[in-house]
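Engineer: the following block contains a protein sequence and its predicted model.
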Amino acid sequence: MVEAEAYDQTDPASHSFVGPTERNRVMFGPAGHVYVYFSYGVHWCVNVVTGKTGHGAAVLLRALEPMVGIELMEKRRRTRVRRDLCRGPGRLTQALGIDQRLNGSDLVGGPVGFYRLSGKAPAVEVSPRIGISKAAEVPWRFSAAGSPWVSGARRPARP
């Protein structure tokens, strides 16, 4: 993962700000589960629930560096431009084949999982979130410093 944004129930930009609903109930469940929702009637977004049970908090997965399964991602995204496969939350879910069927899945025992590659973790840049109208100034967007895989809008300045 090279880019993510945090959301919390105290945050007016978060789906959990209004309290539990049928749409966001997964955000109030146990940490380590997947919250998937349809955004702007266009694409799916995937989040990892991070709060204690009963507290709505999650991290939106915005971009990743494609490393395995490239051919399948290219087929799903209908492009061979590797930089565009998983750059942005809609592209990421399309490339990975994520949709509402995975909503609520457990990251340990479910069909979605994350693996850490060996090596040194990159420096992290912190910036305001993008693509939202409320509390956009909150610096809860985190990205790998200098990564070409980070989404393009309002990309943090490089040191």
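Structural biologist: Cool, the structure landed.
Engineer: list the contacts of residue 50.
Structural biologist: For residue 50, the contact set (Cβ atoms under 8 Å, 6 or more residues apart in numbering) comprises 6, 31, 57-59. No exception for glycine: its C-beta is placed from N, CA and C like everyone else's.
Engineer: skip the chain neighbours and tell me the closest residue to it.
Structural biologist: residue 57 (4.9 Å; Cβ to Cβ, 6 or more residues apart in numbering).
Engineer: separation between the one you found and residue 91?
Structural biologist: For residue 57, the distance to residue 91 (Cβ to Cβ, to the nearest Å) stands at 24 Å.
Engineer: wait, doesn't the residue nearest to residue 50 sit right on residue 49?
Structural biologist: Yes: counting by Cβ atoms under 8 Å, residue 57 touches residue 49, with 7.1 Å between them.
Engineer: between these two, which contacts overlap?
Structural biologist: residue 27.
Engineer: those two - which one has more neighbours?
Structural biologist: Shown here are residue 57 and residue 49; by other Cβ atoms under 10 Å, residue 49 has more neighbours (24 against 21).
Engineer: that one and residue 6, how far apart?
Structural biologist: Separation of residue 49 from residue 6 (Cβ to Cβ): 12 Å.
Engineer: please enumerate the shared neighbours of the two.
Structural biologist: Shared between the contact lists of residue 49 and residue 6 (criterion: Cβ under 8 Å, 6+ apart) are residues 57-58.
Engineer: could you give the backbone dihedrals for the residue nearest to residue 50?
Structural biologist: phi -150, psi 140 (degrees, to the nearest 10).
Engineer: that one bridge partners, please.
Structural biologist: residue 8 (DSSP bridges).
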